[in-house]
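**Q** below are the sequence and a predicted model; questions follow.
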Amino acid sequence: MSHNCAETVDRVQTGVARGMLVCGITYLFLLWETLTDKGRLNEILDFIAIIGSGLTVIVTFVSLWPVIKQKLTGKVVVKNEPESFVSGAMLASFKNGWIALTLTIVVLLGLSKFLDGLALPLKFYFVLLFAVAVLSASVSFFWLTREDDLEGLEE
Amino acid sequence: MHPELDNRIRVFRAEHRMSQSDLAEAIGVSRKTISTIEVGKFVPSTIIALKIAAYFNTAVEEVFSLIKEDEETA
């Protein structure tokens, strides 16, 4: 494992994005659960959501461990890099997540009269908005940081 | 490639027989940052640009240059 602090910062940010992706997928199952009646399918979806929540906590904790360790020991493991491609991609992803969230709210507002008639539980909308926010940000992050064939060229 | 900024990092690396990881380690950034600067996906900060130039013991203009408009259209 590399001791380059900048690599550690990149790994922390990638891990956080991975946690957000697992969280977003978990919330999609929760969304499905809110639409199903009590029964076998509902129980299965509930179980998947519990596993997903646990996975989200584990993935996020493991990713943030270098930062937590630094706070606990006072030993600098992660230095602030002046700027990095991955940090920039993370900021751009949060911006894309915010745009996706805003667009979803606009669509929901536009359909509000129709949605009133569906009488869906309020929880459905909160879960939907949260899923859109974290999924769009994490998917955007992995898209922006995908490996390009040209990048790996060494001479 | 970035439409305005060109760089010769790969040339300097080849002259110094360095990998992207070696250069990244030397100036305190990640390999991904170096590789994305090289292909023009990421425009480095002034600090990173100066660190790269200082590492190769050259002027920053030797490593980074603006693409002239006629080159862009060619």
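**A** Right, received. Where do you want to start? Numbering: from 1, shown residues only, chains lettered A, B, ... in the order given.

**Q** and A:Thr36, how many neighbours?
**A** 14 (other CB atoms under 10 Å in any protein chain shown). All C-beta spots, glycine's among them, are computed from the backbone N, C-alpha and C.

**Q** residues touching it, list them.
**A** By CB atoms under 8 Å, 6 or more residues apart in numbering or on different chains, the contact list for A:Thr36 reads A:42, A:45.

**Q** who in chain B is up against chain A?
**A** With CB under 8 Å from any CB of the partner chain as the criterion, chain B comes near chain A at residues B:10, B:13-14, B:19-21, B:24-25, B:28-33, B:35-39, B:41-42, B:44-45, B:47-48.

**Q** past the lowest-mean-pLDDT helix or strand in chain A, which element shows up next along the chain?
**A** Ranking every helix and strand in chain A by mean pLDDT, DSSP states H and E puts helix A:40-73 at the bottom, with a mean of 89. Downstream of helix A:40-73, the next assigned helix or strand under DSSP states H and E is helix A:85-110.

**Q** what is that next one packed up against?
**A** helix A:5-35, helix A:122-144, helix B:31-38 (3 or more CB pairs under 8 Å, 6 or more residues apart in numbering or on different chains; DSSP states H and E).

**Q** pipe the ones you listed into TSV and attach mean neighbour count per row.
**A** Below are the helices and strands packed on helix A:85-110 laid out as TSV (neighbours: other CB atoms under 10 Å in any protein chain shown):
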stretch	mean neighbour count
helix A:5-35	20
helix A:122-144	18
helix B:31-38	25
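
**Q** looking at those, which is nearest to B:Lys68?
**A** helix B:31-38 (20.1 Å; CB to CB).

**Q** list the buried ones in stretch B:38-48?
**A** Buried residues in stretch B:38-48, counted by 16 or more other CB atoms under 10 Å in any protein chain shown: B:38-44, B:48.

**Q** give the contact list for residue 29.
**A** The chain I'm using is chain A. Counted by CB under 8 Å, 6+ apart, A:Phe29 has contacts A:45, A:48-49, A:52.

**Q** was after chain B, sorry
**A** A:6, A:81, A:84, B:48, B:51.

**Q** would you mind measuring from the first one to A:Ser87?
**A** Think A:Ala6. According to CB to CB, to the nearest Å, A:Ala6 and A:Ser87 sit 10 Å apart.

**Q** equivalent analysis for the last one, please.
**A** Counting by CB to CB, the gap between B:Lys51 and A:Ser87 amounts to 16 Å.

**Q** next one: A:Trp65
**A** 19 Å.

**Q** again, but for A:Asn42
**A** In terms of CB to CB, A:Asn42 sits 41 Å off from A:Ser87.

**Q** cool, and B:Gly40?
**A** 18 Å.

**Q** same question for B:Thr58.
**A** Taken as CB to CB, the span from B:Thr58 to A:Ser87 is 27 Å.

**Q** between those two, which is the more surrounded one?
**A** Between B:Thr58 and A:Ser87, A:Ser87 has the larger neighbour count (other CB under 10 Å), namely 18 against 13.

**Q** right, I'll call it a day here.
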